[in-house]
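Student: Here is a sequence together with a model predicted from it:
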Amino acid sequence: QVQLVESGGGLVQAGGSLRVSCAASEHTPGTYDMAWFRQAPGKEREFVAVISRGGSITDYADSVKGRFTISRDSAKRRLYLTMNSLRPEDTAVYSCAAGTTTSRLVQNYDYWGQGTQVTVSS
């Protein structure tokens, strides 16, 4: 069973930066592709970014491209999302997910964390 736990969310002003982390259980690193999704109140969960199990492939939603960076440290069993130039519309619960494809689709991921709240004030 893969367990994922996010941390690092919080309140930040527009234009600021924040890094959220995802701690993975022992069997996750190197075995799964990892992604970040987010869900704002009243909206469906949406894809943010994904990184392949080897770290060589990344993909980003157009809305965050150039502002967000996904990375992983397999030795530490951690996934990161560094968010710069944050906007109020980035406010959401950010969740990490593990799967076997670098997909943008929610249904292609098998394991999910509980999420961490990111709030961007204007």
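Tutor: Thanks, I have the structure now.

Student: from here on, contacts and neighbour counts on C-alpha atoms
Tutor: OK.

Student: Isn't Arg87 up against Gly15?
Tutor: Yes: counting by Cα atoms under 8 Å, Arg87 touches Gly15, with 6.4 Å between them.

Student: Settle it for me: which of the two has more neighbours?
Tutor: Arg87 (19 against 14; other Cα atoms under 10 Å).

Student: any idea how far Arg72 is from the more buried one?
Tutor: 24 Å (Cα to Cα, to the nearest Å).

Student: now Val120
Tutor: In terms of Cα to Cα, Val120 sits 24 Å off from Arg72.

Student: Likewise for Pro41?
Tutor: Counting by Cα to Cα - Pro41 and Arg72 are separated by 28 Å.

Student: Between those two, which has more neighbouring residues?
Tutor: Arg72 (21 against 9).

Student: which ones are touching the closest residue to the more buried one other than its chain neighbours?
Tutor: Spatial nearest neighbour of Arg72, excluding adjacent residues (Cα to Cα, 6 or more residues apart in numbering): Leu79 at 4.3 Å. The contact partners of Leu79, by Cα atoms under 8 Å, 6 or more residues apart in numbering, come to Ser21, Cys22, Ala23, Ala24, Met34, Ile70, Ser71, Arg72, Asp73.
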